[in-house]
Structures are given as structure tokens and as C-alpha cells.
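**Q** Generate a structure from the sequence data that follows.
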Amino acid sequence: MQHTILVGSYSSEITALEFDTSTSPPTLSVSASFPTGKNPSWISPHPSDKSLLVAGNEVPDGKIQLFKFDQAQKTLELLGERPSGGADPAHILVLEDEIIVANYTGGTVQVVPLTLDPPSLGTPSQVFQLTGTSVNTTRQESSHPHQAVLHLEGHEVLVPDLGADKILRFAKENGKWVIKGSVDITPGAGPRHIVIYENKLYTVGELDNTLIVHEFPALPEEPRHITTLPTVRPPREADPAMIPAANILAPPTPTFPTPFIYVTNRNDPHPEGDSIAIYSLSSPDEASPGGVTLVNEVHTGMKHARGLAIGGPDDKYLIIGGVHGGGIKVFERTKGGASLKEVAKLEGVEKPTGFVWL
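**A** The predicted structure follows:
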């Protein structure tokens, strides 16, 4: 079986890969490359039409671009573009009829209407200028929104602000997004990426190398801190140069009945390169408050690993790339998801940053 994976990058192109699991071992190859704006570092598909994709140009005069991908013909058509509403769009959330952009350096969150018939971008309808700061005067001198995540159960969009040590809670009122509250994070932690699972919020602290867990009821209830775990396994300690870069949730499947969270540790000085911290989510007990346990740390050979993504049949595989070296690798999830085994590698794709399984 062949799987198509799109790759965002710190270059000026999006690359299409073919991951073939019919061979032994599986193979990973480039099927096409497409010119784009500069630094299409994050790619997000439309929730109900995976052929529609939005990429962010992570540059000072940030843009978002809407594309149509033809998987059979391996073509990528630019349908339109708009200013992102601030410098360095780091993350894009695509909803059914609008797009929410988190502009890291600009400190803004912008909403752009999206039409599907025909697919097109509207005029930006809302821009929020965030104004937070926190204790790290080098990295938290101003707001730095780093992600936007839909919380379906709570009818919210959550935006971690690395510069303010807060996660903002957006909800709709009279058809417009408004900020309805926030989650306070440990001062100096620098919330970067989050996942939500079974009314718990899991936050990666970029600046203190932690995974922070909150009980997370729907608005207007307030969250409650449960526990904070390191992103490296004791007795090893995080090097000051290390930065947790991304986290993803692997929900239960028939093959992997236990849910896991995977977190990348970029700039790891370990001789085997950047690592992936693997957390098991199970029933809480005294030894693991909140039911989350750091069960493994797998070194990848990557240098400056950023995004990673899970896909394939029953979410069997994980793909990751190194911006400064190590190529792109696919790992098979083993031991029920608690470990990873490298099964395919590809060199030559320039500065990969993010991945989308189609």
C-alpha cells in the first residue's frame, strides 16, 4: 500500500512523498515538489476535504496560501493567498468555513473566512493583538502565539501564548470569536503546543522542557493543574539548548488500545540525536497523577527535529524530519505504541518542518 505525505519546510517548496508499505522493508521516496512562498513551515488540511490545504509562509510579512492537491496527478494548484495578519505565522487551524492563524513574532491571531464552492479565501474578518509578557526576558518579551487547536467538546479554540505563559480560550458569541478566559501556565514554561484528550489538557513547555497536565472542563469552569513531567527520562536532565518542539496525540485504535503522547526534543546534544519522549495515558494512580507516565525516550538521529505526524493503517507509523540534518525518517510504532523502530529513511528534502498524511 502506498501513502502520500506532504512535507512543509524552511525552503520555498512543499514536497510530496510516497511511503510504500508493500515492500520489505518499506520505502520512502519523493514523488513531486511544488514551488510556494518562502518557508511554508506548517501545512493544514481542510477537515472534510483533504485535497484542500493551507500553508503559512513563516516570514516577517507573513502570508497564508490555499492549495488544491490532486493526488492522482501529483499537482498542487495555488487557489489564493492572503496576509497572515502578522509576522511569522507558526501554525494554522483550518475549520469548515474559516482559518485561524497564529502569528508567532507578530503576536497576533487572525481569522480568515473560507469558501468551499468554489474554494477561496475571504477578507480577514478578525485580528487579535495579544499583549502578554512573562519572566524570561529574552524569549517572553511579548506575546508569541504558537498554535491554534479546536476543542470540539468545549466549542472552543485554544491558543498557547509562549510569551505570556497562558493558553487563551476563544469561543463564538454572535458569530464572532471572543476571548473567554485563559489557562495559566508555570511562569517561564513557555507553552508551545497542546493536545486535548478526555477532558485533560497536555501542554509542552518549550522553555523548561516539560509536559504540563491540567484537568480541563468546559467553559465557564476553570482548569485544574494535575502534574508536570520532564521531557527527558531521569536520571538524564535536559540540556539548556534543548527545546521541546511538538507534541501529538495517538488516540486508541484496535492495534494500539493505549493512548500515547509523543513529544520531540530538538537540539538534543545526545550522540544519537534528537529524541522523542513517549508518554502513556492510562488510569491515574499515586505513581502517575493524572494517568500520564513518561515510558520511553527514543533517539532519532535528527538534528533540530520540529514537527512529527502519525498515519498509515491504524496509525501504525510516525514520520519526523531534521531541519539541520538527519533527513526524514518513518518509524513503526512497536510495543503497543510505547516504542519506535526505524523502517524507512530519505535524504535530500531541504529543511523539513511539518508533515500531513493524506
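**Q** low pLDDT regions in the stretch 151-300 of the chain?
**A** Low-confidence segments of the stretch 151-300 of the chain (pLDDT under 70): 283-287.
**Q** got a list of what the residue nearest to L168 when sequence neighbours are not counted touches?
**A** In this structure, L168 finds its nearest non-sequential neighbour in V159, 4.5 Å apart by Cβ to Cβ, 6 or more residues apart in numbering. C-beta coordinates here come from the backbone N, C-alpha and C atoms, glycine included. Each residue near V159 by Cβ atoms under 8 Å, 6 or more residues apart in numbering is listed here: 102, 109, 145, 147-149, 167-168, 170.
**Q** I'd like the distance between L53 and Q2.
**A** 19 Å (Cβ to Cβ, to the nearest Å).
**Q** Of the contacts of V159, which is the most crowded?
**A** P145 (32 neighbours; other Cβ atoms under 10 Å).
**Q** Please name the bridge partners of that residue.
**A** As for beta bridges, P145 partners with D161 under DSSP bridges.
**Q** Ramachandran angles for L152?
**A** Dihedral pair for L152: phi -60, psi -50, per degrees, to the nearest 10.
**Q** measure it to E342 for me?
**A** Relative to E342, L152 is positioned 34 Å away (criterion: Cβ to Cβ).
**Q** Mind checking which of these two has more residues around it?
**A** With neighbours defined as other Cβ under 10 Å, L152 and E342 compare such that E342 has more, 13 against 7.
**Q** For the more buried one, which residues are in contact?
**A** So, once contact is read as Cβ under 8 Å, 6+ apart, E342 ends up touching 300, 329-332.
**Q** can you give me the helices in the stretch 151-300 of the chain?
**A** Secondary structure of the stretch 151-300 of the chain (DSSP state H, counting those that start in this stretch): no helices present.
**Q** So for L53 and Q2, which sits in the more crowded spot?
**A** Legend: neighbour count by other Cβ under 10 Å for L53 and Q2, higher for L53 (25 against 13).
**Q** tell me which element the more buried one falls in.
**A** Secondary structure assigned from DSSP states H and E places L53 in strand 52-57.
**Q** what's the answer for S48, then?
**A** Residue-wise, S48 maps onto no helix or strand under DSSP H and E.
**Q** Which residue, neighbours along the chain excluded, lies closest to it?
**A** E96 (6.6 Å).
**Q** Tell me which residues touch the residue nearest the centre of the chain, please.
**A** Here the mean C-alpha position of the chain is nearest to the C-alpha of A246 (Cα atoms, centre = their mean), at a distance of 5.3 Å. Residues near A246 by Cβ under 8 Å, 6+ apart: 192-193, 204, 263-264, 306-308.
**Q** how close does it sit to E77?
**A** Computed with Cβ to Cβ, the distance linking A246 and E77 is 28 Å.
**Q** can you check T115 too?
**A** When Cβ to Cβ is applied, the distance between T115 and E77 equals 16 Å.
**Q** Could you do H91 as well?
**A** H91 sits 23 Å away from E77, going by Cβ to Cβ.
**Q** same question, P223
**A** When Cβ to Cβ is applied, the distance between P223 and E77 equals 42 Å.
**Q** and if you look at R169?
**A** With Cβ to Cβ as the criterion, R169 and E77 are 36 Å apart.
**Q** again with S22
**A** Noted for S22: a distance of 29 Å to E77, by Cβ to Cβ.
**Q** same check, this time on A189
**A** As for A189, its distance to E77 is 41 Å (criterion: Cβ to Cβ).
**Q** okay, these two: which has more neighbours?
**A** Comparing A189 with E77 by other Cβ under 10 Å, the one with more neighbours is A189, at 23 against 12.
**Q** which residues sit in contact with the more buried one?
**A** 165, 203, 205-208, 210, 212.
**Q** Take those residues and keep only those in strands.
**A** Judged by DSSP state E, the contacts of A189 include 203, 205, 210, 212 as members of strands.
**Q** So D314 belongs to a strand, correct?
**A** No: looking at D314 with DSSP: H, G, I helix; E, B strand; the rest coil, it is helix, so not inside a strand.
**Q** Next one: it from P251, what distance?
**A** Separation of D314 from P251 (Cβ to Cβ) stands at 11 Å.
**Q** Which one's more surrounded, the two?
**A** Comparing D314 with P251 by other Cβ under 10 Å, the one with more neighbours is P251, at 14 against 11.
**Q** what's in contact with stretch 42-53?
**A** Contact partners of stretch 42-53, identified using Cβ under 8 Å, 6+ apart, comprise 6, 8, 14, 54-56, 58, 66-71, 89-96, 114, 116, 119, 307, 353-354, 356, 358.
**Q** buried subset of these?
**A** Neighbour-count burial (16 or more other Cβ atoms under 10 Å) applied to those gives 6, 8, 14, 54-56, 58, 66-67, 69, 89-94, 114, 119, 307, 353-354, 356.
**Q** Quick one: residues contacting E156.
**A** Neighbouring residues of E156 by Cβ under 8 Å, 6+ apart: 150, 169-171, 180, 218-219.
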